[in-house]
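Trainee: No sequence on hand, only this structure:
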């Protein structure tokens, strides 16, 4: 997800997106542990997206 796109979203949209990304991360971790998926790089990408969203939310709330 592009940083510019994230800055244009409202807090409500960011919270929804954050919940969605966390759910995807949970499912991906579950699939990796069950050896159903080998996309380990997607975990890194999702974690970075979550961190970006949290950072933007923190700035908007300040």
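Mentor: On my side now, so go ahead. If you're wondering where the values come from, they're calculated on a predicted model, not measured in any experiment.
Trainee: What helix or strand is the residue nearest to residue 15 when sequence neighbours are not counted located in?
Mentor: Leaving out its chain neighbours, the residue that sits closest to residue 15 by C-beta to C-beta, 6 or more residues apart in numbering is residue 57, at 7.3 Å. Glycine gets a C-beta too; all of them are placed from N, C-alpha and C. Using DSSP states H and E, residue 57 sits in helix 40-61.
Trainee: buried ones in that helix?
Mentor: By neighbour count with 16 or more other C-beta atoms under 10 Å, helix 40-61 contains the buried residues 46, 49, 50, 52, 53, 56, 57.
Trainee: Looking at the fourth one now. What's its pLDDT?
Mentor: The predicted local distance difference test score for residue 52 is 96.
Trainee: measure it to residue 21 for me?
Mentor: 10 Å (C-beta to C-beta, to the nearest Å).
Trainee: sorry, back to before: now the buried residues of helix 40-61 in TSV, please, with extra columns for distance to residue 6.
Mentor: Shown next, in TSV, are the buried residues of helix 40-61 (distance: C-beta to C-beta, whole Å):
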residue	distance to residue 6
46	14
49	9
50	11
52	6
53	6
56	5
57	9
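Trainee: what's the offset of the least confident helix or strand in the chain by mean pLDDT from the middle of its chain?
Mentor: Ranked by mean pLDDT, DSSP states H and E, the weakest helix or strand in the chain is helix 3-8, scoring a mean of 91. Relative to the centre of its chain, helix 3-8 is centred 14 Å away, using C-alpha atoms, centre = their mean, to the nearest Å.
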